[in-house]
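Q: all I have is the shape, not the residue letters:
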């Protein structure tokens, strides 16, 4: 069975400082990897994804994540955060098998609080 | 294009009552899922569907039923509500794993 561990439940960070959110997963098969963001009182939005190819993936709002197969990690980073990045971030893995419905398994989430 | 629509947004139930959470998508997605979100536990899969007429259990299916009679709709039924089912429920749909899932805005359910 797949599992996802987000190592930090909360990350306070000052505006314009860098942030890293850690994610480790366990799986016996190839998976797809995702980061989702949830702003207060909203649903989840896809931030970025890794399927294959280049191990570094980027989002349109300055986040990037690096897939490390040997460490089974998919850490999320942003070099300079804004107040508007205050949200909860979820790492997820997907079983790509059709019979499994491409099920997503989520980590416990990391709350990012950006302070002025 | 409405995406994934969930109704109601808020609901308070008494223990033992039943209700149906509605979910509809207009993107012709094959895959649909129901998750519950509880503090510190992320999202946990309740039930999922790989197409009309095909459903299966997820990680926490007890106390919930689903059916998928059409591609668009995937309702979640609570058979006899319990306080442990107090949670935020999200419906999601997808073309397939490559695309990731699109989520609805959620239903906040309180069982008293």
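A: Arrived safely, thanks for sending. Quick caveat, the model's predicted, so the values are computed rather than measured.

Q: got the residues of chain B near chain A?
A: Contact residues, chain B versus chain A (C-beta under 8 Å from any C-beta of the partner chain): B:4, B:31, B:33, B:35, B:40-45, B:48-50, B:56, B:58, B:90, B:92, B:94, B:96-98, B:100-106. C-beta here means a position set from N, CA and C on the backbone, and glycine is covered the same way.

Q: interface residues of chain A facing chain B?
A: Contacts of chain A with chain B, taken as C-beta under 8 Å from any C-beta, map to A:4, A:6, A:9, A:32, A:34, A:36, A:42-46, A:49, A:51, A:90, A:94-96, A:98-99, A:101-109.

Q: give me the buried entries from the residues you listed.
A: Neighbour counting by 16 or more other C-beta atoms under 10 Å in any protein chain shown classes A:4, A:6, A:32, A:34, A:36, A:43-44, A:46, A:49, A:51, A:90, A:94-96, A:101-109 among the residues of chain A next to chain B as buried.

Q: which of these fall in strands?
A: A:4, A:6, A:32, A:34, A:36, A:44, A:46, A:49, A:90, A:94, A:104-106 (DSSP state E).

Q: for chain B, what are the low-confidence residue spans?
A: B:1, B:97 (pLDDT under 70).

Q: Three-state assignment for the residue nearest to the spatial centre of chain B, please.
A: The centroid of chain B falls nearest to residue B:34 when counting by C-alpha atoms, centre = their mean (3.0 Å). Look at residue B:34: counting by DSSP: H, G, I helix; E, B strand; the rest coil, its state is strand.

Q: and it, what are its bridge partners?
A: When assigned by DSSP bridges, residue B:34 has beta-bridge partners residue B:47, residue B:91.

Q: so what secondary structure elements neighbour the helix or strand containing residue B:11?
A: For residue B:11, the enclosing helix or strand under DSSP states H and E is strand B:10-13. Under the contact criterion of 3 or more C-beta pairs under 8 Å, 6 or more residues apart in numbering or on different chains; DSSP states H and E, strand B:10-13 touches strand B:19-25, strand B:107-111.

Q: could you pull out the buried residues of it?
A: Within strand B:10-13, the residues that count as buried by 16+ other C-beta under 10 Å are B:11, B:13.

Q: likewise for stretch B:15-35?
A: B:19, B:21-25, B:27, B:29-35.
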